[in-house]
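Peer 1: attaching a predicted model along with its sequence, questions to come.
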Amino acid sequence: MAEKGYCVKCKDKREIKDEQKVTMKNGRAAVKGKCPECGTGMYKILGKK
């Protein structure tokens, strides 16, 4: 399932392309990828589990 995130360049919510699950330094999970429209990097912090 593709995560949706906010693109600051397009100023709209879009599905994240080429998404990768990563772990931040503080241990929280996040998803990073690119905007399918403009190619800007997108980052979404996931909830605690």
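Peer 2: That came in fine, so what should we check first? Numbers count the residues shown, from 1 in each chain.
Peer 1: low-confidence regions, this structure specifically.
Peer 2: Of all residues in the chain, those with pLDDT under 70 make up the ranges 1, 49.
Peer 1: next SSE downstream of the helix or strand that contains residue 31?
Peer 2: With the criterion set as DSSP states H and E, the secondary-structure element containing residue 31 is strand 29-34. Sequence-wise, the next helix or strand beyond strand 29-34 is strand 41-45, with elements assigned using DSSP H and E.
Peer 1: given that next one, what are its sheet partners and their directions?
Peer 2: Sheet pairing of strand 41-45 (DSSP bridges) gives strand 29-34 (antiparallel).
Peer 1: pull out the buried residues from the strand holding residue 31.
Peer 2: By 16 or more other C-beta atoms under 10 Å, the buried positions in strand 29-34 come out as 31-34. (Glycine included, C-beta is placed from N, CA and C.)
Peer 1: with only the CA atoms kept, save that strand in CSV.
Peer 2: This file holds the C-alpha atoms of strand 29-34, laid out as CSV (Å, rounded to 0.1, in the frame of the first residue of the first chain):
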residue,chain,number,x,y,z
ALA,A,29,9.6,4.9,11.9
ALA,A,30,9.3,7.1,8.8
VAL,A,31,8.7,6.8,5.1
LYS,A,32,10.8,8.7,2.6
GLY,A,33,10.4,8.9,-1.2
LYS,A,34,9.6,11.3,-4.0
